[in-house]
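Q: Give me a 3D structure for the following:
(chains A, B and C)
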Amino acid sequence: MNVEALAPQTTPTVAMIRTLGLLSAICGLIIVASYQGTYAAVQENKRIAIERAVFKVIPTAKSIEEYLASPEGGVTKVGAGGTASPGAVKFYAGYDATGKLAGIAAEGVAKGYADNVRILFAYDPVAGTVASFSVVASRETPGIGDKILVNKDFLANFPLEAKLSADLKTLAHEIRTVKHGSKVNPWEVDAISGATITSRAVGKAINDAAQVLLPRISPQLDKLKEKS
Amino acid sequence: MHESAAQIFINALLANNFVLAMFLGLCPFLGVSGKLETAFPMGVATTFVMLVASLCAYGLNLLLTYFNLDFLRLISYIVIIASSVQLVEMVLKKYSPALFRALGIYLPLITTNCAVLGVALFQTAREYDFVQSMTFSFGGGAGFTLALVLMASVRERLTLSDVPSVAQGTALSLMLAGVLSLAFMGFAGLGG
Amino acid sequence: MSQSPPRTWDEFMEGIWRQNPVFVMVLGMCPTLAVTVSGVNALSMGVATTFVLVFSCGLISLLRKLIPKEVRIATYIVIIATFVTVVDYVIQAVSLALYDALGAFIQLIVVNCIILGRAEAHASKTPPGVAMINALGMGVGFTIGLLALGTVREIFGAGTLFGVALFGESFQPWVVMVLPPGGFFVLGSWLLFFAALERRKQRKLAEATQNA
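A: Numbering: from 1, shown residues only, chains lettered A, B, ... in the order given. You can find the predicted model right below:
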């Protein structure tokens, strides 16, 4: 940006500041106006997108509530006031038409083949299982890594056992992805042959998220039972 | 999920190479990869600017988040990058005139290199902490340099071979980039 | 005044054919290759870029006498970044799915060399009307370039066009087309095609002059 060399005459500093000030004012106005103008629509879109994703993994859900689970074990409803403590994990409670808890959805993330694979999984607190999952974002190879959503054998892994151990601090059995065809326990994920890395990412994402989230929310399930 | 510094570095350098897998910084990649002797300094200069820009963007993001001014992020990042390019230019001019002469004409070009803005935007989107941000920008810059040097070496050899005249120029460079990109796909899954 | 319609047309067509940003000038490569995995993505990216191009060139041209020479590049970038922020929010408001598909490349429109190039080479010297028409032509030319890539990559890579399946069930997609290398190959092939076309035209021209 060697502009000084190109400019034959210099502009007075006052004029320069005046112009730049005017310009910043114009640009500022445009940005703020567009931010304000689209804010409502963007928030609505985001809400719809979350709702749609949660309804996909909890088919019986008709409405959702957004909660935070803090490390101390408390759950707070998002938007109900109060500040989120650091390290709090966000999750969604899905309620059926009668206002009864239909399932809990949360996000998990793990490194896949090309980049991070972000998934949303549904936890069924009554059965103590992960009922299903969907992909939020991934850059896995089309035709190979995206088999996780269509491969019948892989989808047969769900419901996947996710029970807490006796001390309620961790899962009783770590959710692990095993080689194709060697699944023996209900908490193991049978990998797709040819897409092992992506399958492993799904298992790890669920495990990592469940290990943190489930111990925090299981003592609070009564609070979540009915739609408040 | 916490990614270790080594994972981030390997990913940015090879598996998610900025140029060959993420399509960032293609203009200089196609423009200055004709000769090895210009490709390498360009890569180094870009890496340096990336580090400075990443550092500034990290600080700026803390400030923007604190004041809740998310909608000013893009505009302030680009101003920061333009200024850091200018700053790098001035510092080099004063302390290392030889290096400044070697890089002189490329420095202003770095402002419009989307790899630099890309680093700032990605580190924000992925919520990297300070060490992660710096590793990410260094890995990205090293990856950019690697791609540029590889491409320049191939193109230097190419000047000696018999190519149909219709294919010479950008078309051939793009085909070569495609082959390099195929090769880099082999690194996928490395940083797991 | 009588010359104004052809001149306007000429300003518009410059970007579409003679100076096509994708095929002739080979500018703005990053979004060109990164988002063109499908026709819809290519079209949206083209429209977004055109919007930014037209409005920032218009504003720059309007302010061209006020902008101090010393800081003009910085000024241009700020103006461009403003309109990119606008586009960013508009796309989020219209469709989040599209926003996710285009990813960081919406914000990276700021550093698309086409826009800064147009601002510097054209908008800073011409009145707003002409500058905007020229920018519109460039934008349309860029969109055509993106579509040329996006449709080819979608047809081969996924067997669909704008989401509509073209071939039967038995079609095995060429996955490489929607992966990064495919972008390089398809753009390279288009450039080869245009180079060959140009070559033929020149040969014909040479033959015509020889015969005459």
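
Q: For the residue nearest the centre of chain C, pull up the helix or strand it's in.
A: By CA atoms, centre = their mean, the mean C-alpha position of chain C lies nearest to C:F142, the distance being 1.8 Å. C:F142 is part of helix C:128-158, with elements assigned from DSSP states H and E.

Q: With C:L43 instead?
A: Secondary-structure assignment from DSSP H and E places C:L43 in helix C:39-62.

Q: cool, and A:V109?
A: Secondary structure here is read from DSSP H and E; on that basis A:V109 sits in strand A:101-111.

Q: in its sheet, what does that strand sit against?
A: Paired with strand A:101-111 in the same sheet, following DSSP bridges, are strand A:89-95 (antiparallel), strand A:116-124 (antiparallel).

Q: tally of neighbours for residue 99?
A: Since no chain was named, I'll use chain A. For A:G99, the neighbour count with other CB atoms under 10 Å in any protein chain shown is 13. In this view, the C-beta of every residue, glycine as well, is placed from N, C-alpha and C.

Q: um, chain B though
A: 14.

Q: where does the closest residue in space to it that isn't next to it in sequence sit relative to chain C, distance-wise?
A: Take B:L99 and drop its neighbours on the chain: the residue closest to it by CB to CB, 6 or more residues apart in numbering or on different chains is B:L92, 5.7 Å away. Taking CB to the nearest CB, to the nearest Å as the criterion, B:L92 is separated from chain C by 19 Å.

Q: where do the helices sit along the chain?
A: Chain wasn't specified; assuming chain A. Using DSSP state H, the helices of chain A run over residues A:3-6, A:13-57, A:152-155, A:196-217, A:221-224.

Q: I was after chain C.
A: When assigned using DSSP H, the helices of chain C occupy the ranges C:4-13, C:29-34, C:39-62, C:72-94, C:96-102, C:113-118, C:128-158, C:180-211.

Q: Just the angle for the first one relative to helix C:128-158, thanks.
A: Spelled out, it's helix C:4-13. Between helix C:4-13 and helix C:128-158, the angle comes out at 40 degrees (axes from the mean of the first three to the mean of the last three CA atoms, to 10 degrees).

Q: I'd like the distance between the most centrally placed residue in chain A and B:F100.
A: The centre of chain A sits closest to A:E107, judged by CA atoms, centre = their mean, with a distance of 3.1 Å. When CB to CB, to the nearest Å is the yardstick, A:E107 and B:F100 sit 48 Å from each other.

Q: do the same with A:A137
A: Distance, A:A137 to B:F100, using CB to CB: 43 Å.

Q: can you check C:F184 too?
A: Distance from C:F184 to B:F100, counting by CB to CB: 34 Å.

Q: Neighbour count for these two, which is higher?
A: A side-by-side neighbour count of C:F184 and B:F100, using other CB under 10 Å, places C:F184 first with 24 against 17.

Q: Where does pLDDT dip in chain C?
A: Counting by pLDDT under 70, chain C shows low-confidence ranges at C:1-6.

Q: Would you confirm that the residue nearest to the centre of chain A contacts A:V117?
A: No. Counting by CB atoms under 8 Å, A:V117 is not a contact partner of A:E107; they are 11.1 Å apart.

Q: How about the contacts made by A:K56?
A: A:K56 makes contact with A:S134, according to CB atoms under 8 Å, 6 or more residues apart in numbering or on different chains.

Q: What pLDDT is listed against it?
A: Predicted confidence (pLDDT) for A:K56: 85.

Q: what's the burial count for A:K169?
A: A:K169: 10 surrounding residues under other CB under 10 Å.

Q: in the one helix or strand the residue nearest to B:L99 maps to, what's buried?
A: Take DSSP H and E as the rule and B:L92 turns out to sit in helix B:73-95. Burial within helix B:73-95, assessed by neighbour count using 16 or more other CB atoms under 10 Å in any protein chain shown, is assigned to B:73-86, B:88-89, B:92.

Q: what does stretch A:127-140 give?
A: Buried positions in stretch A:127-140, judged by neighbour count with 16+ other CB under 10 Å: A:G128, A:T129, A:V130, A:A131, A:S132, A:F133, A:S134, A:V135, A:V136, A:S138, A:R139, A:E140.

Q: out of those residues, which touch chain B?
A: When those are filtered against chain B using CB under 8 Å from any CB of the partner chain, no residues are retained.
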